[in-house]
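Asker: coords please:
(chains A and B)
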Amino acid sequence: MKPLARERPPRMRTQRLIIDKLPDEVLVYDLDRHKAHCLNQTAALVWNLCDGRATPRDIARRLQTELDQPFNEDLVWLALRQLNKIHLLEGSFVWPAQPVGVSRREMVRRMGIAAAVSVPLITSIVSPTAVQALTCFPGGHACSTDVQCCSHNCLGSFTCHS
Amino acid sequence: MKAHRKSLRQYENARSIITALSGSWRAHAAAPPITPGELAAITPLLIQSGAGALLWWRIRDDELAKSDAGEQLRQLYRIHRLEASLHVARLKRVFQLFREAGIEPVLVKGWNVARLYPEPGLRHYFDLDLCVSHDCYAEANCLVASLGQDSLNVDLHDELDHLDVMKWDEFFSRSRLIIVDDTEVRVPCAEDHLRILCVHWLRHGAWRPAGLCDIAAALESRPVDFDWERCLGADPLRADWVTCAIGLALELLRAEIGDQGSDLNTRSADNSVRLSARCERLPRWLVSAVLRKWERSVSPNYHVPLSALLGDHGARREFSENFLGRLDQPVRATVALRGRFNNWPRLPYQLGELFLHGADKCQKSWAGWFAG
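Answerer: Below is the predicted model:
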């Protein structure tokens, strides 16, 4: 049995987040940290079941029933670790002193190619380089037209108004 | 298209962009017949010009999606999806704020055109273009300032500003309300909006392929009672610009004007026929000028100030490139000087626009020095 710290089950964070559910992944934007994340289906499933009452073991059982496939508790821990790292769990969830579960790499190795459920994976969404060219110039930046500036005001000295 | 074959041969990237974006605004858009090499070549161009997510939409179920370029486009789509959600939250907040102050804004471009695409995030936009009556403009400006960081995402217009020449009262009376979750958002009628999109795209030099996709999307999603006469407006010159922009959407992106029932009344049918005829005879230089812009997809607004280059002897080449880049804006120059899109040479317009732009900059500089 996994050591559950003070029996305080994980709770999904819902405040100050923009959540967009796509058919095969869930996109999350953290309004406090201004970071965007992409949760694969497995990570999203675990996150959705973090209601503050279900323990990781309960979550694994529920997913096993829902998916009608074996769902290892280690997968839940792996997802929780990642969710916690990017602040998608409420702060009250207390982690055990001893590390639990296995690494993602180890999990992939154990599950092998025959795994029915994919390993939970959360990736950060980063702008492709070219997108950065689209952003507007801040105050003080050199400019030649108003539309270049975030303030829409390119001053006579060819700098953006702040 | 025959007349433009030579131009298409000349501009390889632009040709691939056309293939990639044709029909991309539709709900069911098959993967484009482009090679992985062509995809890699046009991906940065489309990302820069804001049409990257549209390309993802077309390749998402294809092998091309698994390439590096495909992965970049997917990332971009994810970002745009989230940005779209953020914009909607801002949009609702701004409309509520304005209404509490008794101001009724009209939202143009941006969200209002993004909603015509099959999914959120496919059409990227930066800000909310809000038009308010002149009487409320000062107060609306204060409200925008009170939004803090979100104020950067609101582009407030004093009535229609440079967007259109139509009288505000008439424009407002034709606008309509759309419900977004629990908030009513006021937008222009389909006719006024299509005209604004066309002129705006030309005014900015027609450099963004996504802008032409907007026109195509607005054209194909127009309501059954769409009134062409109302769309083309009272100004014959502006009507001609609109027709040319629509002609480019038909010619380059294979948009379909179809029969949406707009030909039910005779006057509208006449306009429809005139429109089709005009689209058939676009000026020779126009398609070539647009393809030239798409080939490099560089915004005409993003130049290093020439004054910054003048003092540097090592920057002569950069200076000349910049100068030529500013000069090579036949579409923008024609609109800026209220010219007709005919087969006459564009150079007088281009020189004229350059002169006016320079004069405007000088005026701003002097104003800045005196103020400073």
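
Asker: buried residues, stretch A:18-34. List them.
Answerer: Residues of stretch A:18-34 classed as buried: A:18-20, A:25-30 (neighbour count, 16 or more other C-beta atoms under 10 Å in any protein chain shown). In this view, the C-beta of every residue, glycine as well, is placed from N, C-alpha and C.

Asker: from those residues, list the ones also adjacent to chain B.
Answerer: Contacts with chain B are made by A:18, A:20, A:27, A:29 out of these, judged by C-beta under 8 Å from any C-beta of the partner chain.

Asker: got the domain boundaries for chain B?
Answerer: Split into domains by automatic domain parsing, chain B comes to B:2-287, B:303-371.

Asker: need the max-distance pair from the buried residues of stretch A:18-34.
Answerer: Across the buried residues of stretch A:18-34, the longest distance by C-beta to C-beta is 16.3 Å; it joins A:Glu25 and A:Asp30.

Asker: about what we covered before: okay if I get the buried residues of stretch A:18-34 as JSON lines plus secondary structure and pLDDT?
Answerer: As requested, the buried residues of stretch A:18-34 are exported to JSON lines (DSSP: H, G, I helix; E, B strand; the rest coil; pLDDT from 0 to 100):
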{"residue": "A:Ile18", "secondary structure": "strand", "pLDDT": "92"}
{"residue": "A:Ile19", "secondary structure": "strand", "pLDDT": "95"}
{"residue": "A:Asp20", "secondary structure": "strand", "pLDDT": "95"}
{"residue": "A:Glu25", "secondary structure": "strand", "pLDDT": "95"}
{"residue": "A:Val26", "secondary structure": "strand", "pLDDT": "96"}
{"residue": "A:Leu27", "secondary structure": "strand", "pLDDT": "96"}
{"residue": "A:Val28", "secondary structure": "strand", "pLDDT": "95"}
{"residue": "A:Tyr29", "secondary structure": "strand", "pLDDT": "93"}
{"residue": "A:Asp30", "secondary structure": "strand", "pLDDT": "92"}
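
Asker: how about the strands in chain A?
Answerer: For chain A, the strands defined by DSSP state E occupy A:17-21, A:25-30, A:35-40, A:122-124.

Asker: out of these, which is closest to B:Thr183?
Answerer: Among the strands of chain A, strand A:17-21 comes nearest to B:Thr183, with 16.7 Å by C-beta to C-beta.

Asker: could you pull out the buried residues of stretch B:325-338?
Answerer: By neighbour count with 16+ other C-beta under 10 Å, stretch B:325-338 contains the buried residues B:326, B:328-336.

Asker: then stretch B:201-212?
Answerer: B:201-212.

Asker: that stretch vs chain A: in contact?
Answerer: No. Stretch B:201-212 stays clear of chain A (C-beta under 8 Å from any C-beta), getting no nearer than 8.6 Å.

Asker: list of residues touching that stretch?
Answerer: With contact meaning C-beta atoms under 8 Å, 6 or more residues apart in numbering or on different chains, stretch B:201-212 is reached by B:17-18, B:21, B:46, B:49-51, B:54, B:123-124, B:162, B:197, B:200, B:214-215, B:241, B:244-245, B:248-249, B:252-253, B:289-290, B:293-294, B:297-301, B:329, B:331-332, B:334-336.

Asker: and stretch B:168-177, by the same measure?
Answerer: Stretch B:168-177 is contacted from outside by B:104, B:106, B:131, B:133-134, B:159-160, B:164, B:184-189, B:191-192, B:230, using C-beta under 8 Å, 6+ apart.

Asker: those in strands, which ones?
Answerer: Of the positions in the contacts of stretch B:168-177, B:106, B:131, B:184-187 sit in strands, assigned by DSSP E.

Asker: doesn't A:Arg33 make contact with A:Leu17?
Answerer: No. With contact defined as C-beta atoms under 8 Å, A:Leu17 does not count as touching A:Arg33 (10.2 Å).

Asker: what residues are shared contacts of the two?
Answerer: Contacts common to A:Leu17 and A:Arg33, judged by C-beta under 8 Å, 6+ apart, are absent.

Asker: what pLDDT does whatever residue of chain B ends up closest to chain A get?
Answerer: Using C-beta to the nearest C-beta, B:Gly368 is the residue of chain B that sits closest to chain A, at 2.4 Å. Among the per-residue scores, B:Gly368 shows a pLDDT of 70.

Asker: number of residues surrounding it?
Answerer: Neighbour count of B:Gly368, defined by other C-beta atoms under 10 Å in any protein chain shown: 15.

Asker: okay, and it sits in which element?
Answerer: Using DSSP states H and E, B:Gly368 sits in helix B:347-371.

Asker: buried residues, stretch B:94-104. List them.
Answerer: Within stretch B:94-104, the residues that count as buried by 16+ other C-beta under 10 Å are B:94-95, B:97-98, B:103.

Asker: and what about B:Trp25, helix, strand or coil?
Answerer: Secondary structure assignment for B:Trp25 (DSSP: H, G, I helix; E, B strand; the rest coil): coil.

Asker: wait, what's in contact with it?
Answerer: By C-beta under 8 Å, 6+ apart, the neighbours of B:Trp25 are B:54, B:116-118, B:122, B:213-214, B:216-217, B:220.

Asker: which among those residues end up buried?
Answerer: Buried members of the contacts of B:Trp25, counted by 16+ other C-beta under 10 Å: B:54, B:116-117, B:122, B:213-214, B:216-217, B:220.

Asker: name the nearest of those relative to B:Gly352.
Answerer: B:Gly352 has its nearest neighbour among the buried ones among the contacts of B:Trp25 in B:Asp214, at 28.0 Å by C-beta to C-beta.

Asker: what pLDDT does the closest one get?
Answerer: With respect to pLDDT, B:Asp214 scores 97.

Asker: hmm, back to that, intersect the buried residues of stretch B:325-338 with the contacts of chain A.
Answerer: Within those, nothing lies near chain A by C-beta under 8 Å from any C-beta.

Asker: any chance of a markdown table for those, columns pLDDT?
Answerer: Output for the buried residues of stretch B:325-338, formatted as a markdown table (pLDDT from 0 to 100):
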| residue | pLDDT |
| --- | --- |
| B:Arg326 | 79 |
| B:Asp328 | 86 |
| B:Gln329 | 91 |
| B:Pro330 | 94 |
| B:Val331 | 95 |
| B:Arg332 | 94 |
| B:Ala333 | 95 |
| B:Thr334 | 96 |
| B:Val335 | 95 |
| B:Ala336 | 93 |
